[in-house]
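Peer 1: Attaching a predicted model along with its sequence, questions to come.
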Amino acid sequence: MKRFIGFAASLALPLTLAGCPGDDTSSSGTESNTSGPTGGETDSADGTATGAEGCVGIDGPRSEVATAIDGDTTLGCDRVHVLTGITLVNSGTLTIEPGTWIVGGAGSALAITPAARIDAQGTADAPIVMTSIQVADGGSPARGDWGGLALLGLAEANIGMGPAEGFAEDPPIYGGSDNGHDCGTLSYVRVEWAGNEISPGNELNGITFFACGTATSVDHVQVHMGLDDGIEMFGGTFDANNIIVTGAADDSIDSDEGFRGTLQDVFIHQDPTTGDNCLEWSNQGTDFTAPPLTNPTISNLTCVGSGSGGTDSKGATLKEGVQATIRNSLFVNATNAAIVLANLATQAQAEAGAISFPGTHFCGTSTFEVDAGDDMATWDSAGLEMWLTETAGATIGTDCMLPDATFGSPNIQPAAEIAGEGGYAGAVDPAGDNWTLDGWINYGT
């Protein structure tokens, strides 16, 4: 059965989440074949859809989302959808129309289980936005106001099968042997102010991909001002492009448990006062050799660190024997090391040629660190720097020529081309359109 959640809903429910009294509320239970809007205008200052035909703005009427969804269901853009708890999509396809707003408060999240999939295809003019209810209520949003978005699949992870982190009770299970698994589609989707702590040390990320397979499609996605990691991949293998992570309080993109996908055209901007790694890539803490090994490829990344005001900011930490390719990328303004290599197993992968940085540039003054750890990696920082330039394909000391690296109003299109491997380096083509300034993106704080 396909359900449409919108003005056609016929049952009224009281809304229990703080800030909702007085709003028009309806349940999620009426069938409809209504199709969504395809166009509209966007306010480039904050990425807010302002004119999508048939869509309401963030101050529109509200509809509470059930905490369990079974069967094909559509969230329409004709109202704001409110998460009041952890909503599990147990089966079918959850379709979210272009221009739709979804808001959540403490203890809320949206999770797509392996028996379901998500179809969230916004447009540049009508993005899908998942954000804090404080935005809808005119309050002051903060990191961790709500949980975030989780997609769970059945592709391989090097833990086999396991419970998803970030869930206090009865966590859904992910992992398996179906590397073609389809977690769904995310396109022109923005997730803001997420990362609610479920229990001490147990937070959800902005978007978490648990063992999603190659049929999963991800493009034009931003995670903004998250309390934990921006995006984390636990195992799986899929490709993603045009990704932005801004203001993550922990790591911006975290890959572990055997993730083997490809990321293309990525912009990471760390908050000037908080944030850990632009990239943290690891295997699993108990068995560095468990297959499949984490082995991502990222191409055309621009990582702008916290600079002098930060404390933990680093470019990329590679540990636990990962393999990795970081191609045609720019690293600038890290507070600490631009690259941290940890564990002898990771050094062995680098020496074997399974880690490389072709066409990648470390801009300005950059430092490099080897964390020997308990297994005693033998390189020192000078040895790591020599390997980066003489073997791995990196260049150190480049002028990245970024016009404006100000957090909240960046312009990262280089003033001239910085040569990569067979093309330009960085997230933006210096001779092309600056896609990181498109109106669906929000840099506001």
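Peer 2: Alright, I've got the coordinates. Everything numeric here is computed off the predicted structure, so don't read it as measured data.
Peer 1: Spit out the contact partners of the closest residue to residue 163 other than its chain neighbours.
Peer 2: Distance criterion C-beta to C-beta, 6 or more residues apart in numbering; nearest residue to residue 163, sequence neighbours excluded, is residue 171 at 3.9 Å. The C-beta positions use only the backbone N, C-alpha and C, and glycine is treated the same way. Taking C-beta atoms under 8 Å, 6 or more residues apart in numbering, we find residue 171 in contact with 163, 164, 165.
Peer 1: Now rank those residues by neighbours and give me the top one.
Peer 2: residue 164 (19 neighbours; other C-beta atoms under 10 Å).
Peer 1: mind listing the strands for the stretch 1-150 of the chain?
Peer 2: 3-5, 42-43, 48-49, 62-65, 68-69, 73-75, 80-83, 86-89, 92-96, 101-104, 109-112, 116-121, 128-132, 149-152 (DSSP state E, counting those that start in this stretch).
Peer 1: would you turn these into CSV with mean neighbour count?
Peer 2: Below are these laid out as CSV (neighbours: other C-beta atoms under 10 Å):
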stretch, mean neighbour count
strand 3-5, 25
strand 42-43, 18
strand 48-49, 24
strand 62-65, 24
strand 68-69, 16
strand 73-75, 25
strand 80-83, 24
strand 86-89, 24
strand 92-96, 22
strand 101-104, 28
strand 109-112, 26
strand 116-121, 22
strand 128-132, 26
strand 149-152, 28
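Peer 1: out of those strands, nearest to residue 179?
Peer 2: strand 149-152 (14.7 Å; C-beta to C-beta).
Peer 1: The closest one pairs with which strands?
Peer 2: Strand pairing for strand 149-152, using DSSP bridges, gives strand 109-112 (parallel), strand 207-210 (parallel).
Peer 1: Just put the ones you listed in JSON lines and tack on distance to residue 80.
Peer 2: Below are the strands paired with strand 149-152 laid out as JSON lines (distance: least, C-beta to C-beta, whole Å):
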{"stretch": "strand 109-112", "distance to residue 80": "14"}
{"stretch": "strand 207-210", "distance to residue 80": "20"}
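Peer 1: and the closest residue to residue 226 other than its chain neighbours, what does it touch?
Peer 2: In space, and not counting its chain neighbours, residue 226 is closest to residue 206: 3.9 Å by C-beta to C-beta, 6+ apart. Applying C-beta under 8 Å, 6+ apart, we find residue 206 in contact with 148-149, 191, 194-195, 223-224, 226, 228-231, 245, 248.
Peer 1: For my notes, confirm residue 389 occurs in a strand.
Peer 2: No. Under DSSP: H, G, I helix; E, B strand; the rest coil, residue 389 sits outside any strand and is assigned helix.
Peer 1: related to what we said a few turns ago, gap between the residue nearest to residue 226 and residue 282?
Peer 2: Using C-beta to C-beta, to the nearest Å, residue 206 is found at 19 Å from residue 282.
Peer 1: just for this structure, where's the confidence low?
Peer 2: Under the criterion pLDDT under 70, the flagged ranges of the chain are 1-51, 198-201, 373-374.
Peer 1: can you give me the helices in it?
Peer 2: Counting by DSSP state H, the chain has these helices, from start to end: 133-137, 344-351, 381-390.
Peer 1: Need the distance between the two termini of stretch 325-344.
Peer 2: 18 Å (C-alpha to C-alpha, to the nearest Å).
Peer 1: Just checking the distance from that stretch to the centre of its chain.
Peer 2: 19 Å (C-alpha atoms, centre = their mean, to the nearest Å).
Peer 1: Check the burial of residue 351 by counting its neighbours.
Peer 2: 13.
Peer 1: Oh, that last question was meant for residue 166, not what I typed.
Peer 2: 25.
Peer 1: tell me the contacts of it?
Peer 2: 109, 147, 148, 150, 198, 202, 203, 204, 205, 208.
Peer 1: From these, list the buried ones, please.
Peer 2: 109, 147, 148, 150, 198, 203, 204, 205, 208 (16 or more other C-beta atoms under 10 Å).
Peer 1: For the third one, give me its contacts.
Peer 2: Spelled out, it's residue 148. 109-110, 130, 166, 191, 194-196, 204-208, 226.
Peer 1: Dump the residues you listed into TSV; add distance to residue 338 as well.
Peer 2: Converted to TSV, the contacts of residue 148 look like this (distance: C-beta to C-beta, whole Å):
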residue	distance to residue 338
109	33
110	35
130	32
166	29
191	27
194	27
195	25
196	31
204	29
205	23
206	24
207	25
208	26
226	22
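Peer 1: Those residues: which two are farthest apart?
Peer 2: Counting by C-beta to C-beta, the most remote pair of the contacts of residue 148 is 130 and 166, 15.4 Å apart.
Peer 1: Which residue is the nearest non-sequential neighbour of residue 187?
Peer 2: Using C-beta to C-beta, 6+ apart, the closest residue to residue 187 is residue 121 (4.6 Å).
Peer 1: Who are the contact partners of the one you found?
Peer 2: So residue 121 contacts 96, 98, 128, 185, 187, 188 (C-beta under 8 Å, 6+ apart).
Peer 1: In these, find the pair that's most separated.
Peer 2: Checked with C-beta to C-beta, the contacts of residue 121 reach their widest spread between 98 and 185, with 12.3 Å between them.
Peer 1: These two - which one has more neighbours?
Peer 2: The neighbour count for residue 98 versus residue 185, taken as other C-beta under 10 Å, is higher for residue 98 (26 against 19).
Peer 1: quick revisit: to residue 91, which of the strands paired with strand 149-152 lies closest?
Peer 2: strand 109-112 (10.3 Å).
Peer 1: and that closest one, C-alpha only, in PDB?
Peer 2: Extracted in PDB, the C-alpha atoms of strand 109-112 (Å, rounded to 0.1, in the frame of the first residue of the first chain):
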ATOM      1  CA  ALA A 109      15.800  10.600  13.800                       C
ATOM      2  CA  LEU A 110      14.900   9.000  10.500                       C
ATOM      3  CA  ALA A 111      16.300   5.500   9.800                       C
ATOM      4  CA  ILE A 112      15.800   3.400   6.600                       C
END
